[in-house]
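Chemist: coords please:
(one chain, ligands or ions: 1)
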Amino acid sequence: MARVVIVSNRVPIPKARGASAGGLAVALRDLLKPGTMWFGWSGRQVSEPSPQPALVEARGVTYATIDLSSEDYRGFYVGFANGALWPLLHFRIGLMRFGRKEYDGYLSVNRRFAGALGAMLQPDDTVWAHDYHLIPLGRMLRDCGFQGPLGFFLHIPFAPPSMMEALPVARELIADFCAYDLVGFQTEEHARDFRDCAQRMLGATVQGEWIRLNGRSTRAFACPIGIDAEAFSRDAVRAVNDKVVQRLAGSLTGRALAIGVDRMDYSKGLPQRFEAYACLLEKHPEHHRRVHLLQICPRSREEVDEYRKLRSELDRLAGRINGRFSEFDWTPLRYSTRAAPRMTLAGLYRIARVGVVTPLRDGMNLVAKEFVAAQSDEDPGVLVLSRFAGAAHEMREALIVNPFDPDAIADAMHQALTMPTPERRERHQALKEKVFRTTAQAYSQRFMEALGQAKIQSVLRAAA
Ligand code: ADQ
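Modeler: From the prediction side, this is the model:
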């Protein structure tokens, strides 16, 4: 039977009943039918990883995972994927740390993935690999003899040739992308940057969305990811009974809530957001005692230096803002580094008057879509959105800001806090229509259809 095989760095094996699914598991939920396989890293570091994957069956889906050694993890995950590719593709070349050893580690883990997965693949399988950890995997699976449809989706942005040139192994990686039949990006801008790189850096022939390199054809297209808007919206309504949401709502005593929810990552523009909030309170004393900013940002990737530095900077800024503006009965900034259950998050978005989503660069940003899906039609909150989030390409009715400009973010927050109800409703209806149309379900279906067609086309083009 033809199977879909999903590959990603981390594998969301369903745990206890009621455990909430992460973003990728939600996005691919419709593909998780009996017979599907999901392959990736177990999340474990062991001294002698077995080449045999561990298999877990849940609701007919097979989850196959391999372990990594600490050395693998340091080179592949901390070193190359998050120390070089992540900063480069988020336009932070200055933070990029490239080392041959780390790149070799990255290749070696991809080879291990390809070896273990290749041994389990059947000729009529369709393979869909995800994200920047696994760019060379497609070529390596081809080297193992797999000839079926191979797709790849990049969840983070791509960079133009002038920036990609800074990465010493960029040419190899761009050629690796071209081993897939279909490569998906969050926006047309990222897809175009990729095609430009293939053309200018490798001399590939580009025709529309098709790239031809060394006799193979690959389609590079935009396929924006979404959320399960119906389910998220239902959760937001039900979350009025959530204890944390009730406690927070009770503590507001009529004050407006502005909310930010992000992994603690330097791409999310958090220091600039805190400065913008200080700027709002400085320019508009009328908001004193009338607003709270709740920033929820769970720590992530603390093995990487830059993430530890960011944490100290945010602690310092948060202390400074509260020290300067607090009154005995009003703390302007509430800041938590904990993860929150999805239901609680949905409820917090719903009671917020303003959603502040201001990344410096972001592939899509699902928080922007979740915020919109959680609002009520009668009394909706207003979204302040960075123009450099992929989501801004669709969500034009948000208040679009330059995230490098704290003054402009402060002005947009003021506009959001004082926006008349009819305008809030009008903007919300337009945004809601988009979030409910470009859903997670629409994303996976569109990608899979395009992958089937791309495979046929690439075979025809090779024969032409
Ligand atoms: P991320 O960089 O992780 O994803 P994002 O798209 O915002 O960014 O997704 C984060 C998810 O984590 C959201 O569903 C959010 O609700 C959840 N989350 C954040 N903080 C949380 C907290 N404190 N507690 C619980 N949940 C929390 C990458 C790319 C993005 C791209 C996605 C999907 O960087 O650009 O949109 O993949 O493709």
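Chemist: switch to C-alpha atoms for all contacts and neighbour counts from now on
Modeler: Will do.
Chemist: which element is residue 42 on?
Modeler: strand 37-45 (DSSP states H and E).
Chemist: and after that strand, which helix or strand comes next?
Modeler: Immediately after strand 37-45, counting by DSSP H and E, sits strand 54-58.
Chemist: The helix or strand just after that following strand pairs with which strands, parallel or anti?
Modeler: Next helix or strand after strand 54-58 toward the C-terminus (DSSP H and E): strand 61-68. Looking at strand 61-68 with DSSP bridges, its partner strands are strand 37-45 (parallel), strand 54-58 (antiparallel).
Chemist: How about residue 348, nearest residue that isn't a chain neighbour?
Modeler: Among residues not flanking residue 348 along the chain, residue 245 sits closest, at 5.9 Å (CA to CA, 6 or more residues apart in numbering).
Chemist: I'd guessed the one you found sits against residue 237; true?
Modeler: No - using CA atoms under 8 Å, residue 245 is not in contact with residue 237; the gap is 11.3 Å.
Chemist: who are the neighbours in contact with residue 4?
Modeler: By CA atoms under 8 Å, 6 or more residues apart in numbering, residue 4 lies in contact with 31, 35-37, 125-128.
Chemist: and the gap between it and residue 316?
Modeler: Distance, residue 4 to residue 316, using CA to CA, to the nearest Å: 47 Å.
Chemist: Residue 192 belongs to a helix?
Modeler: Yes - with DSSP: H, G, I helix; E, B strand; the rest coil as the criterion, residue 192 is located in a helix.
Chemist: Now do the buried residues in stretch 208-217.
Modeler: Buried residues in stretch 208-217, counting neighbours by 16 or more other CA atoms under 10 Å, are found at 210-213, 216-217.
Chemist: Next step: these restricted to strands.
Modeler: Among the buried residues of stretch 208-217, the residues falling in strands (DSSP state E) are 210-213, 216-217.
Chemist: could the residues you listed be laid out in JSON lines, adding distance to the ligand and pLDDT?
Modeler: Listed next are those as JSON lines, based on distance: CA to the nearest ligand atom, whole Å; pLDDT from 0 to 100:
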{"residue": "210", "distance to the ligand": "23", "pLDDT": "97"}
{"residue": "211", "distance to the ligand": "23", "pLDDT": "98"}
{"residue": "212", "distance to the ligand": "27", "pLDDT": "97"}
{"residue": "213", "distance to the ligand": "27", "pLDDT": "97"}
{"residue": "216", "distance to the ligand": "27", "pLDDT": "94"}
{"residue": "217", "distance to the ligand": "25", "pLDDT": "96"}
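Chemist: quick one: the helices in the stretch 51-200 of the chain?
Modeler: For the stretch 51-200 of the chain, the helices defined by DSSP state H, counting those that start in this stretch cover 70-72, 86-89, 100-118, 137-143, 161-164, 170-177, 188-202.
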